[in-house]
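1. dropping the sequence and predicted coords here.
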Amino acid sequence: MLRNLLALRQISQRTISTASRRQVANRVPEKQKYFQEDNGLPVHLKGGLSDGLLYMITMGLTVFGTCYAVYELFVAAMPKKVK
């Protein structure tokens with residue numbers, strides 16, 4: 001039992017380590033240059049095609065949701081016809 005607890009302690013200390021196993025190059029300065037240059041694009045579209053696609057999908061869903069909410073409010077405001 002004690003051996004299992006010691007092994008668990010050793011494994012938990014090994015997995016929660018702050019030392020990185022491999023060094024990753026710092027690419028923040030080049031990203032900052034890219035996003036700060038004045039090329040006429042808004043910052044939310046500078047990421048390329050994927051950002052443009054996500055923007056268009058988000059705008060489409062927003063417009064659809066707004067229209068649907070107005071429609072539902074209109075339906076809720078109209079009284080039901082009694083036959």
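-> Here it is on my side, so go on.
2. skip the chain neighbours and tell me the closest residue to residue 51.
-> residue 45 (5.2 Å; C-beta to C-beta, 6 or more residues apart in numbering). For every residue, glycine as well, the C-beta is placed using N, CA and C.
3. longest helix anywhere in the chain?
-> Assignment by DSSP state H gives helix 49-77 as the longest helix of the chain.
4. tell me which residues in that one are buried?
-> Judged by neighbour count (16 or more other C-beta atoms under 10 Å), helix 49-77 contains no buried residues.
5. the bottom helix or strand of this structure by mean pLDDT?
-> The weakest-scoring helix or strand in the chain, judged by mean pLDDT, DSSP states H and E, is helix 2-15 (a mean of 72).
6. after that helix comes which helix or strand?
-> Where DSSP states H and E defines the elements, the next helix or strand beyond helix 2-15 is helix 28-36.
7. just how off-centre is that next one within its chain?
-> Its chain's average C-alpha position is 20 Å from that of helix 28-36, according to C-alpha atoms, centre = their mean, to the nearest Å.
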